[in-house]
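# here are the coordinates; sequence isn't available:
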């Protein structure tokens, strides 16, 4: 239905649904509010309630975006993404060198993936296997339809394939603000211990390719129009400078690079908390026995 509705109607429906979803509560909403409370500790309870509503609007906007994304033209996608700090990453790609991008669950990573394929070149990423299988298959078809190469998390030889694609010049963007494998590293995220995926830093270390922390978040169209997507928003793609090559042994280098990404991504989460779609446990204090996993 969302795909068939006029654009403005679809986004208005999502905006109207957000406070209803929040009022109904549930574990996801409770976790979202708790996570926002950690990254925006200065908010009063009433302000935190308001922020949670804004975050749910952003989260539902993301879903409307991805349902409608297959119908958007390359011109719409280009007009709907504003970049910051692209120059260094583009220079690497234009020279034929693949790059690693470490992302958070912020804004719309699917839209920026489609933009990257169109504007920069081949792109390979990893997707979590979802249940039921039909849901995973639907997301796989969706993302491959946008031009991305998608590898399932846990696939045999996954790391080697990513290394080969990096060396072949691919962009490899990976979400890293959740530890899906229980092999992540504990870092400081906005003053709180949190476990983050080490894959992006490990890939960069093994291949010698640059690691760029990358955030995306929404901003209103400056002239107040509906914009290219009909939502009144566009996406900002913020690319931080590449992480300086750390020193020490491999474990120390990977930890230092992961912490550098946490610092950069955390800065953007703090500035745009409403666009952080984190409805799962991420902070070590919330992970129970997993918090001390190696």
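That came through, no problem. Only a predicted model underlies this, so the values are computations on that prediction, with no experimental measurement involved.
# neighbours around residue 112, how many?
Neighbourhood size, residue 112 [other C-beta atoms under 10 Å]: 24. Just so you know, the C-beta spots here come from the backbone N, C-alpha and C atoms, and that holds for glycine as well.
# one more: residue 280?
By other C-beta under 10 Å, 15 other residues sit near residue 280.
# isn't it up against residue 31?
Yes. Using C-beta atoms under 8 Å, residue 280 is in contact with residue 31, at 6.2 Å.
# overlap in contacts of those two?
Common contact partners of residue 280 and residue 31 (C-beta atoms under 8 Å, 6 or more residues apart in numbering): none.
# and the biggest helix by length in the chain, how far from the chain's centre?
When the chain is parsed with DSSP state H, its longest helix is helix 45-68. On the basis of C-alpha atoms, centre = their mean, to the nearest Å, helix 45-68 sits 15 Å off its chain's mean C-alpha point.
# let's test this: mean pLDDT of that helix, rounded?
Here helix 45-68 scores 97 as its mean pLDDT.
# likewise stretch 174-183?
Mean pLDDT, stretch 174-183: 90.
# and the end-to-end length of it?
End-to-end distance of stretch 174-183 (C-alpha to C-alpha, to the nearest Å): 15 Å.
# contacts for it next, please.
Residues outside stretch 174-183 that contact it (C-beta under 8 Å, 6+ apart) are 100-105, 109, 125-126, 128, 153, 189, 194-200, 203, 258, 261-262, 265, 278, 280, 282, 290, 293-294.
# filter those down to the buried ones.
Among the contacts of stretch 174-183, those classed as buried by 16 or more other C-beta atoms under 10 Å are 100-105, 109, 125-126, 189, 194-200, 203, 258, 261-262, 265, 278, 282.
# and the strands in the chain?
With strands called from DSSP state E, the chain shows them at 81-84, 99-103, 124-127, 149-152, 171-175, 185-189, 192-196, 211-220, 233-239.
# now these as JSON lines including distance to residue 68?
Formatted as JSON lines, those follow (distance: least, C-beta to C-beta, whole Å):
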{"stretch": "strand 81-84", "distance to residue 68": "15"}
{"stretch": "strand 99-103", "distance to residue 68": "21"}
{"stretch": "strand 124-127", "distance to residue 68": "20"}
{"stretch": "strand 149-152", "distance to residue 68": "20"}
{"stretch": "strand 171-175", "distance to residue 68": "21"}
{"stretch": "strand 185-189", "distance to residue 68": "32"}
{"stretch": "strand 192-196", "distance to residue 68": "31"}
{"stretch": "strand 211-220", "distance to residue 68": "15"}
{"stretch": "strand 233-239", "distance to residue 68": "13"}
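# for the helix or strand bottoming out on mean pLDDT in the chain, name the packing helices and strands.
In the chain, the helix or strand scored least confidently by mean pLDDT, DSSP states H and E is helix 133-145, which has a mean of 81. Helix 133-145 sits against helix 109-119, strand 124-127, strand 149-152, with contacts defined as 3 or more C-beta pairs under 8 Å, 6 or more residues apart in numbering; DSSP states H and E.
# could you rerun that using 10 Å?
Packing partners of helix 133-145 (3 or more C-beta pairs under 10 Å, 6 or more residues apart in numbering; DSSP states H and E): helix 45-68, helix 109-119, strand 124-127, strand 149-152.
# nearest to residue 248, out of those?
strand 124-127 (26.5 Å; C-beta to C-beta).
# please name the strands paired to that closest one in the sheet, noting orientation.
Within its sheet, strand 124-127 is paired with strand 149-152 (parallel), according to DSSP bridges.
# for the strand it pairs with, the averaged confidence score.
Mean per-residue pLDDT for strand 149-152: 92.
# how far is that strand from where the chain is centred?
16 Å.
# can you list contacts of that strand?
113, 117, 122-130, 136, 139-144, 157-159, 161-162, 165, 170, 172 (C-beta atoms under 10 Å, 6 or more residues apart in numbering).
# selecting buried members of those in PyMOL, what would you type?
Buried members of the contacts of strand 149-152, defined by 16+ other C-beta under 10 Å, are picked up in PyMOL with:
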select buried, resi 113+117+122+123+124+125+126+127+139+140+142+143+162+165+170+172
